[in-house]
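Chemist: Here's my sequence, what's the structure:
(2 chains)
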Amino acid sequence: MPISRRQMLQRSSAGFGALALASLLTEEACGKTVSHLPHHTPKAKRVIFLFMKGGPSGVDTFDYKPQLQNADHKPYPFEKPRVQFAPTGELLASPWKFKPYGESGIPVSELFPHVAQCVDDLCILNSVHGTNPAHGGAALKLHTGSDTFVRPSMGSWINYGLGTENNNLPGFITICPTLAHGGTKNWGSAFLPAENAGTPLGVASQSSEQAQVKYIQNANLTREAQRLQLNLTQSLNRDLLDSTGPHAELEARIQSFELAFRMQMEMPAALDLAAESQTTHQLYGIDESVTADYGRQCLMARRFVERGVRFVQITHSNTEVQWDQHGNLRKGHTQNAAEVDKPIAGLLTDLKSRGLLDDTLVLWGGEFGRTPTCQGAGHDGRDHNPEGFTMWLAGGGVKSGIRYGATDDYGYYAVENKVHIHDLHATLLHLLGIDHKRLTYRHAGRDFRLTDVAGHVAHEIIA
Amino acid sequence: MNTTCLSYYAIIIAIILGHVPTQVMSDDKTSDQEIQFFETSIRPLLLKHCTDCHGADSQESDLRLDSLSGMLNGGKAGPALLPGKPEGSLIVTAVSYRDNDLKMPPDEKLSKQEIADLTRWVQMGAPHPDADLETASRRPTQHIDIAEGRKHWAFRPVKKPEVPSQGNNPVDAFISRSQQLQGILPLGPADKRTLIRRATFDLIGLPPTIEEIENFVNDNSADAFEKVVDRLLDSPHYGERQARHWLDIARYADSNGLDENVAHGNAWRYRDYVVESLNQDKPYSEFLREQLAGDLLESGDDYELRNVRLIATGYLVLGPKVLAEVDGNKMEMDIVDEQLDTIGRGLMGLTLGCARCHDHKFDPIGNDDYYGLAGIFKSTRAMETFEKVARWNENPIPTTADIAKEEQHTAIISAKKEEISTLIASASDELKPPTGETLPADVEKRFPEETQTQLKLLREELKTLESNAPVMPTAMGVKEGTIADTAIHLRGSHLTLGNVVPRRFPRVLAGDQQPEISDNRSGRLEFANWLTDGDHPLTARVMVNRIWNWHFGTGLVPTVDNFGLQGTPPTHPELLDWLANRFIEEGWSVKAMHRQIMLSDAYQRSSGFDSQNAENDPGNLTYWKFNIRRLKAESLRDAMLAVSGTLDPELGGNLLEVKNRDYLFNHTSQDKSTYNDIRRRSLYLPVIRNHLYDLFQLFDYTDASVLNGKRETSTIAPQALLLMNSELITDLTTSMAQDLLRQHTSNEDRIEELYLRSYGRAPDEQEVERVVQFLSQFEKLTATNDEAEAHAWQALCQAIVSSSEFLYIR
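Modeler: Numbers count the residues shown, from 1 in each chain, chains lettered A, B, ... in the order given. Model (predicted):
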């Protein structure tokens, strides 16, 4: 017997929307196997990933190698990797001076004077390694765990596992991402339900001033006029729902329009940096031309995590590959570091003073590091190096003021307490209260994980 | 073959199967000296570097290296040791640090001497004092049971089930039986307006015109709907819509994606080939043979046919590739793997890719079955070079006109050359060198100035001609490569090779005795023939299930790309087999299959609601109603173009503006893929991997990197944002509003036309009243604006095309 609109509404009562949406989510996931999350008490609730596109050099920044400093122009005494991106020559000592900072006394190069002041908050991983020596493969590996197949990005997995804390904003935002080297795959959801994909704001070739969610504003209608129009759309939507009987998807559509309308208000508010004090702007270096662009991104990141966004990635990439100094290392790395040093220190300081650093995990690094051996003319360049490189973590339940793992005496291979990209992912998930082996999704006949069949949690770095 | 040799092979075979007779290690050839070597050089090495993690106290990856059985049995990655075969022994791979994913010991590489010793020991056959004791402690390696596997429903031959009771359409006979069994009373037929909208979107991906609707509504003949179906099947737009289904399965894209996102400048030829093949209703078997082995089919002197078939093989080349992969061998096997995954799931519903690193965990597909097929595709040339940045293969596809043009051009060049040499000869003669002397090398400098100028001019003309040779068209595609069988890649790595397996098809389907593929053929044509011989249990089942899914939004086997043990079994197994048989009997005609399905009551049913049925069969597995479903991304855009009156119906061709093999995105992130001003059908918008068109991305378009037989339907806020705020929707609805305002003078007529175009029906009184009220309220809000009426109409049109009734097929 067909059901009338009235009967249906009565039967469904007030809770229908939520029920429908819930059932829609499980229906859509079709084979969703997330067991109750979190799996254990989380140390971190959200992540900010400071992605240094192109691959910053470890031995010139956070991986001090005294022996390298004395071996300039000498041959690298060990075997070079079987697969290299390009041939390299003799060793190139770091052109920058290092000195110890803070109570921990960890040496940091003069490229990062501001971040160095925060060194007691950092957990520096000197032994990260991946597998792919080319930008595209390495970026995909870092973001998705696979350089061969299309897989969900880590932000999507985290968003899928934990959801957003703010229903008016996406759970995963990526600011000024690069469209090259994997492009959208680096924030895509692959086979995970679409709502888990990263929402991009702007692209790498644009200034962060223009970074905005697409279609967030209507160019022609006032809010009042648009509300009137939306009321009509929604009454049409309800008409169809009434004629079809209960239908989760049609109900969810009605809700999605309301959410979109609210997002139109919430997003500009989140991005309104003018609401911040001048002191804050100065702290992030937004008042200086060199640091303004990345400073804005850092401040946006803080405002998003403050509002409950689960995973925020901010990319440092200009119209070239930013940190990719096969030549002109001195000039390039000096310029790059100057652009991000103060903003990153500002972000760490700000998060800390607001009490956000305790449960916000900050991750810094590129898709790989650079060789200690030299490349190109003028003894002034380094090649890609996935064999051993440096990333660092801060906040979110990791030990602070430590260096973990080590590369060999010259900084080429990770040799001690090695952290593979899969291990890094396992550790990130662990800090967020997720067992990387249990966060799975059934697709094409099997359960997939961010860490595939690998990954060990680096328990030693957890506070 | 002597007995020693025989037993050697027996041992090799036994090793493959995991039954290693341990005598091989302990036969009397194992000298004390060899044992001594183990005790002095190998055991200490294992103790020092390995057994802390792989020994009595700790067994990382389930591996123990403190006993021979531990090494032979291996751990999660498979056996660590194949006696006598260092290149196939993971322990040697691990210590040699050749494989980036498997380097042991993890912290420090062994010394060169230690690596050499270990390799030598394995080469010697792994002499070990415990060899005699091992028989008892060997556990059999996991080994798939092919005979048992053949019992799975999808691997058994297609049956010829009897049609249950009489009825007009056997489809309904099978469906009714399942309904009766569950006490389900199906809904009646959908009303005619709903039905023609459903059928038109299904077959041509566009809304019916007002005229088409009225014709159908007024046609009271018994075969009125049949006529509609036939008209739609004959439409050239049929191929455009259906091609998109196939392109999802062929993971079609106009760019490579992955790491080096370069343009597939000739991919569109393959897309147009698919459209034309479907419009011609080319038998599905032929369609597959052309795509898998078009280059090997005999086309005689028929250039056109030969070219079409070369274009068809683009299917094998369209996949995403890591073109900057530094390791060429790895790239080659990754490409073969991508092809096998696409072919396996796309054509057979088999997740073949799972057997790349190990035996399939669920299906009866062995690691050796995988490499039997991999040999076929490794013997096929899909790449011009593996050197980074690698280049895929393209085949020349000149038409007779192209060839004539080229010949003509060659003739002009020869003539020009002739002219030059004649001039030189005559000018040289003029110089008349003394008899017996040869002309000096710089003779031309002695030519009169006038001749020199003329010569210079002629040479410039020649140069221009040579650099302006007519470009011969090429198409992505394959040809035969270096024919060879392939070795099993242990753990999927090209650095640890196991035994070579002959090129052949999976045993579970093709049997244990298979004809050998000859040494001068890759085996692709044999593979294509085997797939389409009519006896293959999967080819027809998988395809009819896909067609069913295109019409009902769900397959009889819901997991359309997986018919293996992890797939969902068919809800109506007999119907599936009946359709599969019918498909083959009708000469693999896809159009006949559409007809068969669409003329059933099941397809023409109402999408209404029934609380009793909803309770008994909430998932509608018995097809008691028609499932409501959202338009696919491209139909959504096409429908908006159509109702706004701006659709450009031109067929075929290339819209990609980036040159073949040029970067879509280089390091600069500059976006060269915007389509806001294009009004062609969505099918023709270039599909850029890693950067799909927004509207497509948001409305669950296929990812285009991996085949996808069934798109998801997500409902997310960014879709609403696009409908509310995008320039495209504003532009289209502005055109639509202008059109309505121009065509009619009264608001009532305009509203009626708006509803007819968009929803295929006229509005009722209440609806008209609501719209009129909206227009007046909206105009009031924008009263200061001169174009208040136009704006109000634009806003109205936008609301209509954003609404569920427009976006959903009922």
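
Chemist: How is chain B divided into domains?
Modeler: If you go by automatic domain parsing, the domain ranges for chain B are B:3-143, B:155-245+B:535-629, B:283-396+B:478-531, B:400-472, B:724-809.

Chemist: would JSON lines of the ones you listed with distance to chain A, mean pLDDT and mean neighbour count be doable?
Modeler: C-betas here are computed from N, CA, C, even on glycine. Compiled in JSON lines, the domains of chain B are given as follows (distance: least, C-beta to the nearest C-beta, whole Å; pLDDT from 0 to 100; neighbours: other C-beta atoms under 10 Å in any protein chain shown):
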{"stretch": "domain B:3-143", "distance to chain A": "4", "mean pLDDT": "73", "mean neighbour count": "17"}
{"stretch": "domain B:155-245+B:535-629", "distance to chain A": "3", "mean pLDDT": "95", "mean neighbour count": "19"}
{"stretch": "domain B:283-396+B:478-531", "distance to chain A": "4", "mean pLDDT": "94", "mean neighbour count": "21"}
{"stretch": "domain B:400-472", "distance to chain A": "29", "mean pLDDT": "86", "mean neighbour count": "12"}
{"stretch": "domain B:724-809", "distance to chain A": "4", "mean pLDDT": "94", "mean neighbour count": "18"}
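
Chemist: Tell me which residue in the stretch 51-200 of chain A sits closest to chain B.
Modeler: A:Gly136 (2.1 Å; C-beta to the nearest C-beta).

Chemist: For the closest residue to that residue other than its chain neighbours, give me its contacts.
Modeler: In space, A:Gly136 comes closest to B:Asp259 once its chain neighbours are excluded; the distance is 2.1 Å by C-beta to C-beta, 6 or more residues apart in numbering or on different chains. Applying C-beta atoms under 8 Å, 6 or more residues apart in numbering or on different chains to B:Asp259 gives the contacts A:134-137, A:139-140, A:147, A:181-182, B:322-325.

Chemist: now the strands: where do they sit in the stretch 451-600 of chain B?
Modeler: B:474-476, B:479-480, B:486-489, B:497-501 (DSSP state E, counting those that start in this stretch).

Chemist: how near is the residue in chain B that chain A sits nearest to to A:Val419?
Modeler: Nearest residue of chain B to chain A (C-beta to the nearest C-beta) works out as B:Asp259 at 2.1 Å. B:Asp259 sits 23 Å away from A:Val419, going by C-beta to C-beta, to the nearest Å.

Chemist: what do you get for A:Gly397?
Modeler: Taken as C-beta to C-beta, the span from A:Gly397 to A:Val419 is 16 Å.

Chemist: Grab the nearest non-local neighbour of B:Glu526.
Modeler: B:Ile517 (5.7 Å).

Chemist: Distance of that neighbour relative to B:Arg504?
Modeler: 7 Å.

Chemist: With B:Ser644 instead?
Modeler: For B:Ser644 relative to B:Arg504 (C-beta to C-beta), the value is 55 Å.

Chemist: isn't B:Lys632 right up against B:Arg711?
Modeler: Yes: the pair B:Lys632 and B:Arg711 passes the contact test of C-beta atoms under 8 Å, sitting 6.7 Å apart.

Chemist: Neighbour count: these two, which is higher?
Modeler: When neighbours are counted by other C-beta atoms under 10 Å in any protein chain shown, B:Lys632 and B:Arg711 differ, and B:Lys632 comes out ahead with 25 against 15.

Chemist: Could you pull up the contacting residues of the more buried one?
Modeler: Shown in contact with B:Lys632 (C-beta under 8 Å, 6+ apart): B:Gly205, B:Arg244, B:Phe699, B:Asp700, B:Tyr701, B:Arg711.

Chemist: what about the closest residue in space to B:Ser96 that isn't next to it in sequence, helix or strand, and which?
Modeler: Excluding the flanking residues, the one nearest B:Ser96 by C-beta to C-beta, 6+ apart is B:Ile115, at 5.8 Å. B:Ile115 belongs to helix B:112-123 when assigned by DSSP states H and E.

Chemist: got the contact list for A:Gln210?
Modeler: Contacts of A:Gln210 by C-beta under 8 Å, 6+ apart are A:Gly202.

Chemist: Of all residues in the stretch 251-400 of chain A, which one is closest to chain B?
Modeler: Counting by C-beta to the nearest C-beta, the stretch 251-400 of chain A gets nearest chain B through A:Ala260, at 3.6 Å.
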